[in-house]
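Participant: Kindly generate the corresponding structure for this input.
(one chain, ligands or ions: 2)
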Amino acid sequence: MSQDIFANRVLKGKGVSSGIAIGKVHLLERGRIQVSKHAVKEEQVDREIQRFQQAIKRAIDELNRIKQSIPDDEVRQHAFIIDAHVLMLQDQFFHNEVVETIKRQRINAEWALDMVVSKYLSSFEKVEDPYLRERGQDLNHIHQRLLRIMVGKQASSTVDRRIRGKAVIVTHDLSPADTIQLDLHRTSGFVTDVGGRTSHTSIVARALEIPAVVGLANASGLVKNGDTIIIDGDEGTVIINPSADVEKEYRSKQVRLSAQRREFLRLAKLRSETKDGFRIRVGANIELLAEMDIVERYGAEGVGLYRTEYIYLSRKTLPTEDDHYHIYRKLAENRAIKYTTIRTLDIGGDKFASKIEVPKEINPAMGLRAIRLCIKEVDIFKTQLRGILRASLFGPLRILIPMVSGLEEVRRAKALIKECMEELDAQKEGYNREIKVGIMIEVPATTMITDLLASEVDFFSIGTNDLIQYSLAIDRVNEYVSYLYEPLHPAVLRMIKRTVEDAHAHHIEVSICGEMAGEPLYVPILLGLDLDEFSMNAYAIPRVKKIIRGLGHSYCRELLHEVMSKDSAKDSEALVRREMSRLFPEDFA
Ligand code: PEP
Ligand code: MG
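Facilitator: Ligands and ions are numbered 1, 2, ... in the order given. Have a look, this model is predicted:
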């Protein structure tokens, strides 16, 4: 181990895929290709356009070749992310803009491409939504690939064979194609200077359960090939050239985590049932088809919440009915899970500025979003609904409408679903006529009319993230008021209780799909509330199942009763914590 001044250098980034990796660094150097501006003569303009068009064609060929050459089944499943790059390269709008810039300004193709990409990137940077911002990185990857082709440089991204055993890849950034080309069996972790939770590297790392830390600013400038590196994907920590003591500490943490993971995978397979035989369905919240592997492995019975926003944000144009249909059909056909709840578009405000005309809003969280936007932009909504309906022929899909605030909206949404069914009938397209339609209970007003709403729909799904945000008036992304986020606030508990009682009085099911559902501490309270399904991040399922299996339902009801007699969330939280430490000392130390 090198004992230089950089020994034990600790860097902090974002932990985006859990686990600890310890190994030798393999630095993937990807210097950015610099381009300069050249004026071209009138007669050379066509040649520059041709160079650009040929580069596009070669880039698409390259990506398709990479996709086809993936030897490993497991990795191949994630190749869909390469398709996103191919689609961007085929985008006519982007293509025309570069061609027009070459013609208008009479400049070389590289410079025209650089101008167009910079313009797009600056709009991506202004966007608040992390998904859309990450798509800016996709554009960067495409840009670099095209430039490499135009200036004739080769890319290399295979792990250095001289490194024995597995290597931790450190790089400025990894494109989806890079990630897929890597020998993942020899890759024990990822460290990148840029990226966030929703970057492709993070998604692939999570799907393959390889630890990853991203957003480290300049990690690739601080390490050299062969350095020893530790990455902690839970803490977001990276340690370069650790001392023997630090390495030993992390090795024992690694052993602990592997044992814990084995235990989680064992727990994942068990029934989610209390000691006295009360069954509760456990579902997963997902956003990508790629997450289906984890859903199965971590023991979900179904998908309680499929957030469809990514489908819109990962494209530059609106998804077509067929785009929707193909994605939902894959979900419907998955026989390892019993049901999939597809939530219709929950988006609005500035996230859509380039595709749909929406007014600038001061408070987008309370603005024209979700079902409000869908009722206004009927074509967008119906395109998605028809996609869901057609796919429903292939398996148990359910429709979930977000951000409902009153009966009128529900009736309008149902009327639009009916209209789509009639259109499909006219086209002789099949679908499931009995498809279940439910609504999110996440606007506080709806908890006061759950009796009325229950007679209109087939199920409720309580979104505590928004329900808490709106009822306690705390912006869910504002750290200054996060101390007010109290899932056991008496108002929140009363709203959930009333919702469940009304749902059951009308013989419909009620699920909970906010973050609260995946928090082991709240399991006894949610069991006491008699919900029918808990839906959560798949990785949270084994721990939640463990707690469910260690509790009695009648005990949970008694505990809930006691909690609901308290007048403050603090007292309730203290009581629940005390009880859980008593019952599960090793989990709630
Ligand atoms: C919620 O609001 O609790 C929820 C599950 O939906 P989202 O987090 O997507 O708003
Ligand atoms: Mg919500």
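Participant: who touches the residue in the stretch 151-300 of the chain positioned nearest to ligand 1 in this structure?
Facilitator: Relative to ligand 1, the nearest point of the stretch 151-300 of the chain is N285 (6.8 Å; Cβ to the nearest ligand atom). Bear in mind the C-beta positions are built from the backbone N, C-alpha and C, glycine included. Shown in contact with N285 (Cβ atoms under 8 Å, 6 or more residues apart in numbering): V303, G304, L305, Y306, R307, C513, S535, M536, N537, A538.
Participant: Bridging across strands, which residues link to it?
Facilitator: Here N285 sits in beta bridges with L305, N537, going by DSSP bridges.
Participant: Which of the contacts of N285 ranks first by neighbour count?
Facilitator: Greatest neighbour count in those, by other Cβ atoms under 10 Å, goes to S535: 29 neighbours.
Participant: so that one, which of the three states?
Facilitator: What DSSP: H, G, I helix; E, B strand; the rest coil gives for S535 is strand.
Participant: got it, and Y431?
Facilitator: Using three-state DSSP, the structure places Y431 in coil.
Participant: Give me the phi and psi angles of I474.
Facilitator: Backbone torsions for I474, taken as degrees, to the nearest 10, come to phi -130, psi 120.
Participant: Next up, the contacts around it.
Facilitator: Shown in contact with I474 (Cβ under 8 Å, 6+ apart): I468, V481, S482, L484, Y485.
Participant: The fourth one: what's its closest spatial neighbour, skipping adjacent residues?
Facilitator: Taking Cβ to Cβ, 6 or more residues apart in numbering, and ignoring the residues beside it in sequence, L484 has I474 as its nearest neighbour in space, at 4.6 Å.
Participant: Also near ligand 1: which of the contacts of N285, exactly?
Facilitator: Restricting the contacts of N285 to those touching ligand 1 (Cβ under 6 Å from any ligand atom) yields L305, R307, C513.
Participant: how about a markdown table for those residues, with pLDDT added?
Facilitator: What follows is the ones next to ligand 1 among the contacts of N285, written out as a markdown table (pLDDT from 0 to 100):
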| residue | pLDDT |
| --- | --- |
| L305 | 97 |
| R307 | 91 |
| C513 | 96 |
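Participant: Tell me the pLDDT of D129.
Facilitator: Listed pLDDT for D129 reads 68.
Participant: for A7, same thing?
Facilitator: With respect to pLDDT, A7 scores 73.
Participant: pretty sure it is in a helix, no?
Facilitator: No. Counting by three-state DSSP, A7 is not part of a helix but coil.
Participant: residues near it, how many?
Facilitator: 16.
Participant: That one and E579: what is the separation?
Facilitator: Distance of A7 to E579, given as Cβ to Cβ, to the nearest Å: 46 Å.
Participant: Name all residues that make contact with whichever residue of the stretch 201-350 of the chain sits closest to ligand 2.
Facilitator: In the stretch 201-350 of the chain, the residue that lies nearest ligand 2 is D346 (6.3 Å; Cβ to the ion). Applying Cβ under 8 Å, 6+ apart to D346 gives the contacts R307, T308, E309, R369, A370, P402, M403.
Participant: So which of these belong to strands?
Facilitator: Among the contacts of D346, the members found in strands (DSSP state E) are R307.
Participant: So which of the contacts of D346 are in helices?
Facilitator: E309, A370 (DSSP state H).
Participant: Touching stretch 410-426 from outside, list them.
Facilitator: With Cβ under 8 Å, 6+ apart as the test, stretch 410-426 has contacts from 344, 371, 374-375, 378, 381-382, 385-386, 389-390, 399, 401, 404, 430-431, 433, 437, 439, 453, 456-457.
Participant: For PyMOL, write the select line for the buried members of those residues.
Facilitator: In PyMOL, this line selects whichever of the contacts of stretch 410-426 come out buried by 16 or more other Cβ atoms under 10 Å:
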select buried, resi 344+371+374+375+381+382+385+386+389+390+399+401+404+431+437+439+453+456+457
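Participant: picking up where we left off before, roughly how far does the residue nearest to L484 sit from ligand 1?
Facilitator: The gap separating I474 from ligand 1 is 13 Å, by Cβ to the nearest ligand atom, to the nearest Å.
Participant: for T320, same thing?
Facilitator: Per Cβ to the nearest ligand atom, T320 is found 24 Å from ligand 1.
Participant: now I347
Facilitator: For I347, the distance to ligand 1 (Cβ to the nearest ligand atom) stands at 10 Å.
Participant: For that residue, which non-adjacent residue is closest in space?
Facilitator: E309 (5.1 Å).
Participant: check contacts around the one you found.
Facilitator: Contacts for E309 were tallied using Cβ under 8 Å, 6+ apart; they are Y131, E287, L345, D346, I347.
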